[in-house]
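In: Based on what follows, work out the 3D shape:
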Amino acid sequence: MRNATQLIAYADRLGGSLAGLAELLDGPLDGLFGGLHVLPFFTPIDGSDAGFDPTDHTAVDPRMGSWDDVAALSRRAEVMVDLIVNHVSNASPEFRDVLARGAESPWAGMFLTFADVFPDGATEADLLRLYRPRPGLPLADVTFGDRSRRIMWATFTERQMDLDVSHPRAQEYLRSILDRFAAAGVRVTRLDAVGYAVKTPGTSCFMTPETFAFIAQLRGWARERGIETLVEVHAHYEQQIAIAAEVDWVYDFGLAPLVLHALFTADAGPLRHWLEVRPANAVTVLDTHDGIGVLDVGPDPTDRSRPGLLGEDAIDALVERIHEHTGGQSREATGAAASNVDLYQVNTTYYDALGADDDAYLLARLIQLLAPGVPQIYYVGLLAGRNDMELLAATGVGRDINRHRYSREEVEAALATPVVERLLGLVRLRNRHPAFAGRFELGPDEPDALTLRWIAPQASIEARIDLAARRAELTLYEDGAVRTITDLAELAED
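Out: Got it, this is the predicted structure:
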């Protein structure tokens, strides 16, 4: 993966289409991003889960364009695309054929039933042991064309039928998607919901040894096609470290809540500790198409004796502070208040989570861009977007609060705001400065400040961030020249 800032975006919500997204990259966003994670653009983009429930994972929704448009994007930047590993839409041709023909369908073995996992039935303890991202059991009562009924596995919703990833048909299906990606020049794939893909009786059915073995298999298939893999898993921080040792790339989901905690409390300790132990092969994010995860810094939900990076009281205070900063908007979009609930996420834009405070927001981005790994910036965050309460009211989906549909005029207006101009200056610095090819180190341990350094031959960057005063001082060294910056507005002028 290229060592440069990446953009995460829905094509329909930023550029309007794949071609429209390309126009933005060639126009006002020219030269800003070395990589582009295009969120699902498959048929259809407007299913029950914002594209994460495709009926055809190998087809581009014609409203978005074609695979030629994806290939055109891949010539501009390193393109990442989602491989939705765990499930397929219940409206897919494969599942509809199974509904109609039952065991006679060639796809029958592709979808996971309750009996596949528990052929002798399950005890109460078996069901309570299952790790769940959402309330309720991961099961759906499905009626077939002959009026027979089966209990099918449905981890997320009853519209998303889980695959039996050990079955040859399911594996053939997944490889066909990777073939399509490779043909369009895709170089990285995000393994969506892969942590839930293998169900082993007697376990939590989440990130088990069998899951790791399957991820290794997927990684091998992808590498055969010249594609790297990014694993998307929300889990206890020690599990994230273990996962990172087995994969190409892993998300640093812990960074987002730890940065908020540091800015809310002026306590550098938990964030500093994470920066000391976190894996280096990380993709750093503050915001994504999902909410701000808190599970990633909390105690292990499957073993409460394993503490997290933050204590439960600190997490409760963090969540309440976010709700306060958003004027209660995030509370309306989170948990039982909205559909599509995720138990481990707070739904809001990151800018609003910080109370729309420009200085705090830029400090958060500075920390992200100087942390080791490859930084990704979500399109709403790039534009310092505010919570979209109209979209939330229209759909009732909590995560839509942070999935605004931007017109070209809105994009251009946002890019002209001082906070975004300064953020773009930081992005350019991250992309061009030679120090980022060197080594990372932390400065002195201070209770209310954080010093981040990058050191390379003939180049270095040091940022001292005063959390209490919410100020930063950057010292840039390159080819014998030293520059000190105390106002990030200077970067916007570069």
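In: Below-threshold pLDDT in the chain: ranges please.
Out: 336-343 (pLDDT under 70).
In: Provide the secondary structure category for L174.
Out: helix (DSSP: H, G, I helix; E, B strand; the rest coil).
In: er, K199 I mean
Out: coil.
In: and the residue in the chain sticking out farthest from the centre, what does it touch?
Out: Residue farthest from the centre of the chain, counting by Cα atoms, centre = their mean, is D146 at 40.6 Å. Counting by Cβ atoms under 8 Å, 6 or more residues apart in numbering, D146 touches G102. Where you see a C-beta, it was placed from the backbone N, CA and C, and this is true even at glycine.
In: Begin at 35, not 1, for the rest of this chat.
Out: Sure, I'll start numbering at 35, so the last one becomes D180.
In: Surely it is within a helix?
Out: No - D180 is assigned coil when assessed by three-state DSSP, not a helix.
In: Pull up the gap between it and L133, please.
Out: Applying Cβ to Cβ, to the nearest Å, the value for D180 to L133 is 10 Å.
In: Likewise for R340?
Out: Taken as Cβ to Cβ, the span from R340 to L133 is 42 Å.
In: Would you map out the domains in the chain?
Out: 40-119+203-469, 127-196, 471-526 (automatic domain parsing).
In: Run a quick neighbour tally on the spatially closest residue to R462 that is not a sequence neighbour.
Out: For R462, ignoring the flanking residues on the chain, the nearest one in space by Cβ to Cβ, 6 or more residues apart in numbering is D528 at 6.5 Å. Neighbour count of D528, defined by other Cβ atoms under 10 Å: 10.
In: Hmm, G459 and D528 touching each other?
Out: Yes - using Cβ atoms under 8 Å, D528 makes contact with G459 at a distance of 5.9 Å.
In: is it true that L344 lies in a strand?
Out: No - counting by three-state DSSP, L344 is not found in a strand; it is coil.
In: pretty sure it contacts L294?
Out: No - using Cβ under 8 Å, L344 makes no contact with L294, being 10.2 Å away.
In: list residues touching both of these two?
Out: L352.
In: can you pull out the strands in the stretch 85-234 of the chain?
Out: For the stretch 85-234 of the chain, the strands defined by DSSP state E, counting those that start in this stretch cover 90-94, 112-118, 121-123, 173-177, 183-187, 194-196, 222-226.
In: which secondary structure elements does the second one contact?
Out: Contacting strand 112-118 under the criterion 3 or more Cβ pairs under 8 Å, 6 or more residues apart in numbering; DSSP states H and E are the following elements: strand 69-72, helix 101-108, helix 202-217, strand 222-226.
In: That strand - which strands sit beside it in the sheet, and in what orientation?
Out: Strand pairing for strand 112-118, using DSSP bridges, gives strand 69-72 (parallel), strand 222-226 (parallel).
In: The last one: what's the following helix or strand?
Out: Helices and strands here follow DSSP states H and E; after strand 222-226, the next one along the chain is helix 243-258.
In: just checking, what packs against that following helix?
Out: helix 202-217, strand 222-226, strand 262-265.
In: For these, please prepare a markdown table with the additional fields distance to R306 and mean neighbour count.
Out: Below are the helices and strands packed on helix 243-258 laid out as a markdown table (distance: least, Cβ to Cβ, whole Å; neighbours: other Cβ atoms under 10 Å):
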| stretch | distance to R306 | mean neighbour count |
| --- | --- | --- |
| helix 202-217 | 38 | 17 |
| strand 222-226 | 28 | 23 |
| strand 262-265 | 25 | 22 |
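In: out of those, nearest to T368?
Out: Within the helices and strands packed on helix 243-258, the stretch nearest T368 is strand 222-226; the backing value is 21.2 Å (Cβ to Cβ).
In: just the angle between the closest one and helix 243-258, please?
Out: 160 degrees (axes from the mean of the first three to the mean of the last three Cα atoms, to 10 degrees).
In: Output strand 222-226 in CSV, but only the C-alpha positions, please.
Out: Output of strand 222-226 as CSV, limited to C-alpha atoms (Å, rounded to 0.1, in the frame of the first residue of the first chain):
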residue,chain,number,x,y,z
VAL,A,222,-6.3,-3.4,-2.1
THR,A,223,-9.5,-5.1,-0.8
ARG,A,224,-11.1,-4.5,2.5
LEU,A,225,-12.4,-7.7,4.0
ASP,A,226,-15.8,-6.5,5.3
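In: List the contacts of the residue most central in space within the chain.
Out: Nearest residue to the geometric centre of the chain (Cα atoms, centre = their mean): T322, 4.9 Å. By Cβ under 8 Å, 6+ apart, the residues touching T322 are 42, 410, 412.
In: how close does it get to G415?
Out: For T322, the distance to G415 - Cβ to Cβ - is 9 Å.
In: With A302 instead?
Out: 23 Å.
In: Also I435?
Out: Taking Cβ to Cβ, one finds I435 at 13 Å from G415.
In: what do you get for M98?
Out: From M98 to G415 the distance is 22 Å (Cβ to Cβ).
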